[in-house]
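**Student:** Provided below are the primary sequence and the corresponding predicted coordinates.
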Amino acid sequence: MSTDWYKKTAHEIRDAVRAGKTTALEVAESHLARIEAIDGKVKAFTDVWADAARNQAKAVDARIKNGEDVGVLAGVPIGLKDVFCTKLGTTTCCSKILKGYRSPFDGTAVERLQNAGAVFLGKLNMDEFAMGSSTENSSVQITRNPWNLDCVPGGSSGGSAAAIAADECAITLGSDTGGSIRQPAAFCGVTGIKPTYGRASRYGMVAFASSLDQAGPMARTAQDC
């Protein structure tokens, strides 16, 4: 039984889960162990949904066992920037203003990821209300750059970029208004995409500047993005 699934790309994980070479649960456990081992230093996550991740992974495994189509992200562990509304956990944009807020719905991007078989590991740190470029402006904690803990990971999706660079997630969801995916991706040496406006739904993503905000992925490789 391999324990290093946290080192694999999303494509490698998805293909292995679908082929029965591993289970979504084993992949989730590998990433949860990695988060527990390293995130105390990196501080990319503001909330880890360990039990929910295990349950989602078990559901993916059950669908595969039943011969069902599990989607293009089958068993892939994903972290969500805290700007996205989720029924799981809280949605605070890392601000004390929204501390404890629980969304009654999932944002469209979140919903589509789950429908594609993704397994959610939790929420990721960000500059408060996405207003910043270093992830030092969070009311929760300061995220560090995994390559050098004395350096910032960029922002505002700094938690999303740091989680990828630290091998805590296979893919993360970020948002970009004026560089908030692209700049931390560059700082952390990962791939990030700001899609063409309208390509990804903004429904359920807390607004900064609605005519510029976009949801987008971050990952180790362009192929995964």
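**Tutor:** It's in.
**Student:** Quick check, G89 in contact with V48.
**Tutor:** No - look at G89 against V48 with C-beta atoms under 8 Å: they stay out of range, at 9.2 Å. For glycine as for every other residue, the C-beta is placed from the backbone atoms N, C-alpha and C.
**Student:** Between those two, which contacts overlap?
**Tutor:** G122 (C-beta atoms under 8 Å, 6 or more residues apart in numbering).
**Student:** Count the residues that sit near E29.
**Tutor:** 20 (other C-beta atoms under 10 Å).
**Student:** same check, this time on K21
**Tutor:** If we define neighbours as other C-beta under 10 Å, then K21 has 12 of them.
**Student:** Next: L149.
**Tutor:** 10.
**Student:** how deep is the residue nearest to it when sequence neighbours are not counted tucked in, by neighbour count?
**Tutor:** Spatial nearest neighbour of L149, chain neighbours left out: K41 (6.0 Å); criterion: C-beta to C-beta, 6 or more residues apart in numbering. Close neighbours of K41, defined as other C-beta under 10 Å, add up to 11.
**Student:** any idea where the strands of the chain begin and end?
**Tutor:** 45-48, 77-81, 119-124, 171-176, 191-192, 214-219 (DSSP state E).
**Student:** how about the ones you listed in CSV, adding mean neighbour count, distance to D69 and mean pLDDT?
**Tutor:** As requested, the strands of the chain are arranged in CSV below (neighbours: other C-beta atoms under 10 Å; distance: least, C-beta to C-beta, whole Å; pLDDT from 0 to 100):
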stretch, mean neighbour count, distance to D69, mean pLDDT
strand 45-48, 21, 29, 98
strand 77-81, 30, 19, 98
strand 119-124, 28, 16, 98
strand 171-176, 27, 20, 98
strand 191-192, 23, 27, 98
strand 214-219, 25, 21, 98
